[in-house]
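# what's the 3D shape of this:
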Amino acid sequence: EVQLVESGGGLVQPGGSLRLSCAASGFTLGYYCISWVRQTPGKGLEWVSGIDENGGETFYADSVKGRFTISRDNAKNTVYLQMNSLKPEDTAVYYCTKPLTPGTWSQFDSWGQGIQVTVSA
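Numbers count the residues shown, from 1 in each chain. Model prediction:
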């Protein structure tokens, strides 16, 4: 069974940092590009960042570029999202997700349960 489990969220003050982890099981992580997506009640779903199978290419939404860093350790079956200089508008539920087809950025077919990140003084 494919599973993605996020951890590392919580409450942080503006300007602070958090590192999210996405632990994968039930499939070979190293075959898949992985994305982080966030959801807020007001803005809906927003793609945040993506990383290719080997970590050689990374991509970011303009809203987080320069502040967030995505990385992966395929040996540990884990993908990370380091979030620095956090802003209140980063408050959201964060999901990691994998595409249907390995080696592509095709439609997402598996999602974690999500982890809450709250940025507030």
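
# all contacts plus neighbour counts: C-alpha atoms, from now on.
OK.

# The lowest-mean-pLDDT helix or strand in the chain pairs with which strands, parallel or anti?
Least confident helix or strand, the chain: strand 108-111 with a mean of 92, by mean pLDDT, DSSP states H and E. Strand 108-111 sits in its sheet next to strand 92-99 (antiparallel), going by DSSP bridges.

# Buried residues, stretch 111-121. List them.
111, 112, 114, 115, 116, 117, 118, 119, 120 (16 or more other Cα atoms under 10 Å).

# Now the fifth one: closest residue in space that isn't a chain neighbour?
With Cα to Cα, 6 or more residues apart in numbering as the criterion, residue 116 has its nearest non-adjacent residue at 4.4 Å, and that residue is residue 93.

# Nearest to the middle of this structure, which residue? Look it up for me.
Central residue of the chain (Cα atoms, centre = their mean): residue 36, 2.7 Å from the mean position.

# any idea how far that one lies from residue 94?
7 Å (Cα to Cα, to the nearest Å).

# go on, residue 10?
11 Å.

# now residue 77
In terms of Cα to Cα, residue 77 sits 18 Å off from residue 94.

# out of these two, which sits in the more crowded spot?
In this view residue 77 and residue 94 are compared by other Cα atoms under 10 Å, and residue 94 has more residues nearby, 27 against 16.

# Fine by me, we can end here.
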